[in-house]
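Student: Next input, structure requested:
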Amino acid sequence: MNHETIRALCPTHASAGYDWADCCEVFPRLRALETTPQSPRHHAEGNVGIHTRMVLDALLASEHFQSARGERRERLFLAALLHDLCKPETTVIDPVTGDIGQPGHSRRGAVDVRGLLWRAGLPFALREAVCRLIAVHQVPFFAFDSRRGESPEFIARRLSWSLDLPDLICVARADMQGRLCADQQARLDDIALFEQLAREDGCWDGPRAAASAHTRLMYARGASVHLDTPLFQRPGSQVTVLCGLPACGKDSWVARHARGLEVVSFDDAKAELGLKHGENDGLAAHRAIDKAKALLRRHAPFVWNATHLSEQMRGKTLDLLFAYDAQVRLVYLEVPCPTLFKRNADRDTTLKQKDLERMLHRWEVPLPWEAHELRYDVTPAGHGP
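Tutor: Next up is the predicted model:
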């Protein structure tokens, strides 16, 4: 599987169709959708394979997809094709009632699709656009009934900082049209209302404007602030937080860009304590965090060098930094799949290749609203040592 074989799956003009057998040949995991049941209440049409094909049919018939060209058309098609890829792995059937659910399939699907498309060498921007759509493809269904108690305005604004809302609405609408359920029209009405809200709020054609990066950050983190009014930022440390898979080049980045700065590193802490990979991680974490707190109390600039691979892992570090009023820049590093595994095999490390493979199942690329500034330092496929 490579980018060319994936691109060939996508219809190139308005009257073209798709070949499901070809899709399953390129993405063999799609075959499991044909035997994965769904709740009859939400999917009276049948299994996940039937639903996915109905979604693709609805997508191809949509005005938004038909007017799309090039990479936009490709990302819409891939997002619709792969949006339920992880339903087989997440299916839960209640032994008493027989109710069927697939909790967490959207988020897990985004992570698994990221790994698949990374191995295939898709361009970073295209891959991430697809994964971000998959991760939140159901959000427009329930924006007016958020389980987290978030307002639809908040949801639309934060989404606008990480993806294209017209694309999300297109995929969400196709997902709802590609099923049989009693509340279909009500959910389609909610999607239309969410679209109208986004248009009126100024986040339909691009990211919602904010008075400052700090104002946007605090708003995204749930603070009660007005986006159009600059929020005062107290002085604190200037911190660069590195994130990325092991062997992606974080140590080299520090050597090139952060000479003379203090570095907080779990790996350094492990080395100082004589620990191997996976051995007493808690002790190493405490040592690194204690060093970070000492630097934060002095308002000293420093680099935090760790994988920070998932949103949850980054969140622990970022919560600490923001509690000390730090100005945070996230730098995400990535290299192509063959480069990464070759580097890991060649370097002096206790991290085995199979352990590196397992880490891919926690791999979530940072989003723009997670810090004051975000930079992607990505080596394209076909480049790098």
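
Student: Not counting its own residues, what contacts stretch 91-107?
Tutor: Counting by C-beta atoms under 8 Å, 6 or more residues apart in numbering, the neighbours of stretch 91-107 from elsewhere in the structure are 36-40, 83-84, 86-87, 89-90, 134-138. Glycine gets a C-beta too; all of them are placed from N, C-alpha and C.

Student: Nearest to W161 among the residues you listed?
Tutor: If you rank those by distance to W161 using C-beta to C-beta, V136 comes first, at 12.2 Å.

Student: Report the separation between the closest one and A79.
Tutor: Applying C-beta to C-beta, to the nearest Å, one obtains 10 Å for the distance of V136 from A79.

Student: neighbour count winner among those two?
Tutor: When V136 and A79 are compared for neighbours, A79 comes out ahead with 28 against 19, by other C-beta atoms under 10 Å.

Student: Toward the C-terminus, what is the element adjacent to the helix or strand harbouring the more buried one?
Tutor: A79 is located in helix 70-82, with elements delineated by DSSP states H and E. Read in the C-terminal direction, the helix or strand following helix 70-82 is helix 87-90, with elements assigned using DSSP H and E.

Student: Would you mark the buried spots in the helix or strand bottoming out on mean pLDDT in the chain?
Tutor: Considering only helices and strands, the least confidently modelled element of the chain by mean pLDDT, DSSP states H and E is helix 266-273, at a mean of 72. Residues of helix 266-273 classed as buried under the neighbour-count rule (16 or more other C-beta atoms under 10 Å) are F266, D267, D268, A269, K270.

Student: Next: stretch 226-240.
Tutor: Within stretch 226-240, the residues scored as buried using 16+ other C-beta under 10 Å are L227, L231, G236, S237, Q238, V239, T240.

Student: how long is that stretch end to end?
Tutor: Stretch 226-240 stretches 27 Å from its first residue to its last (C-alpha to C-alpha, to the nearest Å).

Student: Touching that stretch from outside, list them.
Tutor: Counting contacts by C-beta under 8 Å, 6+ apart, the residues outside stretch 226-240 that touch it are 157, 208-212, 214-216, 218-219, 223, 225, 258, 261, 295-296, 298-304, 321, 324-331.

Student: So which of the residues you listed sit within helices?
Tutor: Among the contacts of stretch 226-240, the members found in helices (DSSP state H) are R157, H214, T215, R216, M218, Y219, L295, L296, L321.

Student: For these, give me TSV that also has distance to V55, neighbour count and pLDDT.
Tutor: Formatted as TSV, the ones in helices among the contacts of stretch 226-240 follow (distance: C-beta to C-beta, whole Å; neighbours: other C-beta atoms under 10 Å; pLDDT from 0 to 100):
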residue	distance to V55	neighbour count	pLDDT
R157	27	24	98
H214	40	18	97
T215	37	20	98
R216	33	23	98
M218	37	19	97
Y219	33	22	97
L295	50	20	98
L296	47	20	98
L321	40	20	98
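
Student: Domain map for the protein?
Tutor: Each domain of the chain is listed here as a residue range: 3-201, 238-378, per automatic domain parsing.

Student: Show me how far the shortest one is from its chain's centre.
Tutor: When C-alpha coordinates are averaged (C-alpha atoms, centre = their mean, to the nearest Å), domain 238-378 and its chain have centres 18 Å apart.

Student: Equivalent analysis for the longest one, please.
Tutor: Its chain's C-alpha centre and that of domain 3-201 lie 14 Å apart, by C-alpha atoms, centre = their mean.

Student: gap between the two ends of it?
Tutor: Using C-alpha to C-alpha, the end-to-end distance of domain 3-201 comes out at 37 Å.

Student: Taking helix 213-220 as reference, get the angle to the longest strand seen in the chain.
Tutor: Secondary structure of the chain read by DSSP state E shows that its longest strand is strand 327-334. The directions of strand 327-334 and helix 213-220 differ by 80 degrees, with axes from the mean of the first three to the mean of the last three C-alpha atoms, to 10 degrees as the criterion.

Student: helices and strands around strand 327-334, which ones?
Tutor: Contact partners of strand 327-334 among helices and strands, from 3 or more C-beta pairs under 8 Å, 6 or more residues apart in numbering; DSSP states H and E: strand 238-243, helix 250-257, helix 311-323, strand 373-378.

Student: D348 is nearest to which of the ones you listed?
Tutor: Judged by C-beta to C-beta, the one of the helices and strands packed on strand 327-334 that comes nearest to D348 is helix 250-257, at 11.9 Å.

Student: Let me see the residues that make contact with that closest one.
Tutor: The set of residues external to helix 250-257 that reach it, using C-beta under 8 Å, 6+ apart, is L242, G244, L261, V263, V303, N305, V331, L333, D377.

Student: Let me see the contact set for the last one.
Tutor: Translated: D377. Under the contact definition (C-beta under 8 Å, 6+ apart), the residues listed for D377 are G249, W253, V331, Y332, L333, E334.

Student: could you dump those to TSV with neighbour count?
Tutor: Converted to TSV, those look like this (neighbours: other C-beta atoms under 10 Å):
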residue	neighbour count
G249	22
W253	18
V331	22
Y332	19
L333	18
E334	22
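
Student: In the stretch 151-300 of the chain, where is pLDDT below threshold?
Tutor: 271, 273-281 (pLDDT under 70).

Student: That one: strands as residue ranges?
Tutor: According to DSSP state E, counting those that start in this stretch, the stretch 151-300 of the chain carries its strands in the segments 238-243, 262-265.

Student: just these: most buried one?
Tutor: strand 238-243 (a mean of 24; mean count of other C-beta atoms under 10 Å).

Student: Pull up the pairing partners for that strand, direction included.
Tutor: Paired neighbours of strand 238-243 in the sheet (DSSP bridges): strand 302-305 (parallel), strand 327-334 (parallel).
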